[in-house]
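> No letters, just coordinates:
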């Protein structure tokens, strides 16, 4: 299948549950040149008016420093891998079945 698989560090930061909170965090990363592949933001179960934002991937010391200054840290609770390869029907199923070491059904 010709896949390239690598681990991706996911960074997380606390958010106030108010308009513009995520934008402030992402703006700081953008100013450092971050080209994010994914962003997830959600409310937390810890109480009202709190949220968390997850981003990936940051590269280089400048982006890491900007992330830390904005309140981000590499998370130990969310793990991610990147699988890059040809865009073919069923590729996602093939990757996850291989990772789970289970047989894949025919499409």
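Received it, and whenever you're ready, just let me know what you need. Bear in mind the structure is a predicted one, so any value in this text is a computation, not a measurement.

> can you map out the strands along this structure?
With DSSP state E as the criterion, the chain has strands at 4-8, 11-16, 38-43, 50-56, 73-74, 80-84.

> Among those, single out whichever gets nearest to residue 95.
In terms of Cβ to Cβ, the element of the strands of the chain nearest to residue 95 is strand 80-84, at 5.1 Å. The way it works is simple: take the backbone N, C-alpha and C, and place the C-beta from them, glycine included.

> Low-confidence regions, the chain specifically.
Per-residue confidence for the chain (pLDDT under 70) gives these ranges: 1, 46-47, 102-107.

> can you map out the helices along the protein?
21-31, 60-69, 91-100 (DSSP state H).

> now these in TSV, with mean neighbour count?
Output for the helices of the chain, formatted as TSV (neighbours: other Cβ atoms under 10 Å):
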stretch	mean neighbour count
helix 21-31	16
helix 60-69	15
helix 91-100	13
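
> Having no further points to raise, I will conclude here.
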